[in-house]
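*Asks:* Below: sequence and its predicted model.
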Amino acid sequence: MTMLPRRARASDGAGIAICYLRSTAKLGFLRRCHDGEDMWRHFQAVVHNKETWVITHKGRLAAFLALAPAEPAEIEHLYVHPAHQGSGLGTQLLDHAKTRLDTGFQLWTFCQNKQARGFYTSHGLQIELMTDGRRNEEKLPDMRFVWNRRQQAQ
């Protein structure tokens, strides 16, 4: 499935929240720190304050990416709705991030998220740091991945 990402609009906030909630519910290990309404408000702010991209399929939001381009550049969110996982949308969004943040970026994922860890590693990202989870609100061990175009070229 190949569809071009487009910039998110304010009206995408609910779809982004649904994509996030369904994707994280599928993980099984992640406890909810916020309800659906809180997440909707959060993603409304993300759309306004971050460089946010979405991919839709048949009129519904299928995946989204939120970037913070200021140094250090960071992918704050990259989620694919469970109905579209394995379809290449995550790769499309990650490639888009590599184009937008072409000198490099970082992102965080939970150590228990084996699918995400495998995905990022297979796309050239490297683990830079692992933590015990004290810094995140979920209190779960996590890891910071980095991508650097120069390291990729070596």
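*Replies:* Received, thanks.
*Asks:* Cys78: what's it in contact with?
*Replies:* In this structure residue 78 is Leu, not Cys. By CB atoms under 8 Å, 6 or more residues apart in numbering, the contact list for Leu78 reads 63-66, 90, 93-94, 97, 107. Heads up, the C-betas are built off the backbone N, CA and C, glycines and all.
*Asks:* actually Leu101, not the one I typed
*Replies:* 67, 69, 73, 75.
*Asks:* Read off the pLDDT value for Gln106.
*Replies:* Listed pLDDT for Gln106 reads 98.
*Asks:* close enough to count as contact, His103 and Asn148?
*Replies:* Careful, residue 103 is Thr and not His. Yes - if you go by CB atoms under 8 Å, Thr103 and Asn148 touch, sitting 7.4 Å apart.
*Asks:* Mind checking which of those two has more residues around it?
*Replies:* Neighbour count, other CB atoms under 10 Å: between Thr103 and Asn148, Asn148 has more, with 16 against 10.
*Asks:* Phi, psi for that one please.
*Replies:* phi -140, psi 120 (degrees, to the nearest 10).
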